[in-house]
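>>> build me a model:
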Amino acid sequence: MFLDWISKRLATYLSKQVAQHSVPTSTYQALEKALRPGDVLLVEGNTRISTAIKYLTQSTWSHATLYLGPNSGLGTSCDGEPHTLIEADLEFGIRPLPLSYYRNSHTRICRPVGLDDDNMSTLTDYALSRLGHQYDMKNVFDLARYLVQTPPVPSRHRHKLLSFGSGDPTRAICSTFIAEGFQRLHYPILPTIDTIPSNDPDCADCVREHYRIRQTSLFTPRDFDASPYFQIIKPMLESSFDFRTINWANQ
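Model prediction:
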């Protein structure tokens, strides 16, 4: 009981917004038009916990949400706006959200390629089944340490410091929640690739690649950006962009 009380107070503290540095690089209308079901929307957060995540991952992105669209069964907000996103939130657990929640945030669209209707149905069913599950507070206690004192860890090793977690399947963090959904489809994010002998009698030196799924607790938001299997979609270029139409101020 006491641990739950401490966890809630810590989650509230870490969820508070600090200085506003996030600047959108596209209009909200362009973002809304560009998104497709299955897209991963990365967010540059401005909360205290975002500071720790961005430091450890050496990345702009501190949060990841999954876009499922207005017809996915996520319901609507109190003002009738359809919930199109689902995310693992520090305070509220896995919840649905309208896209407008991130209207003023710096975001990036990471798009999986080749998903069919059956894949989307599996991904949507998985996401809906996780609604109401809680955030993994063990990760929060681990991350909170880096807000008290920044450890002198070489940048190449900081990513490893996020490989924590309770192991409880009813708890998740934002990126592991989404990674588990794609791994159910056997869709690669950043798989471990081993090379093994090809057993080709005509080629003694030939090898073949063998893909292994990574543990989901090792994923962070930046991995969707770094993945060679997700397209980076820039909304302003999806809307018939023509640089000649820009109204430049006189120099």
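
>>> make it CA atoms for all contacts and neighbour counts henceforth
Fine.

>>> now the helices for the stretch 1-150 of the chain?
In the stretch 1-150 of the chain, the helices defined using DSSP state H, counting those that start in this stretch lie at 2-14, 28-34, 48-57, 117-129, 137-148.

>>> now swap in the stretch 151-251 of the chain and tell me
In the stretch 151-251 of the chain, the helices defined using DSSP H, counting those that start in this stretch lie at 155-158, 174-184, 222-226.

>>> can you put these in CSV and add distance to Gly93?
Below are the helices of the stretch 151-251 of the chain laid out as CSV (distance: least, C-alpha to C-alpha, whole Å):
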stretch, distance to Gly93
helix 155-158, 25
helix 174-184, 9
helix 222-226, 21
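
>>> closest one to Glu32 among the ones you listed?
helix 222-226 (19.2 Å; C-alpha to C-alpha).

>>> hmm, back to that, out of the helices of the stretch 151-251 of the chain, the one nearest Thr84 is which?
Closest among those, using C-alpha to C-alpha: helix 174-184, at 14.6 Å.

>>> below-threshold pLDDT in this protein: ranges please.
For the chain, the stretches with pLDDT under 70 are 1-15, 19-21, 135-172, 192-218, 251.

>>> identify whichever of the helices of the stretch 151-251 of the chain lies nearest to Leu237.
helix 222-226 (17.7 Å).

>>> quick one, strands of this structure?
For the chain, the strands defined by DSSP state E cover 40-43, 63-67, 85-89, 93-97, 107-112, 134-135, 171-172, 192-197, 207-212, 230-233.

>>> partners of the fifth one, with directions?
To tie it back to what came earlier, the one meant is strand 107-112. Strand 107-112 has the following strand partners under DSSP bridges: strand 40-43 (antiparallel), strand 230-233 (antiparallel).

>>> and the contacts of the last one?
This means strand 230-233. 34, 108-113, 189, 224-225 (C-alpha atoms under 8 Å, 6 or more residues apart in numbering).

>>> now do stretch 31-44
22, 50, 60-69, 99, 102, 105-112, 120, 123, 221, 224, 233, 235-236, 238.

>>> what count of nearby residues applies to the nearest residue to Leu128 once chain neighbours are set aside?
With C-alpha to C-alpha, 6 or more residues apart in numbering as the criterion, Leu128 has its nearest non-adjacent residue at 7.4 Å, and that residue is Leu74. Burial of Leu74 is recorded as 22 neighbouring residues (other C-alpha atoms under 10 Å).
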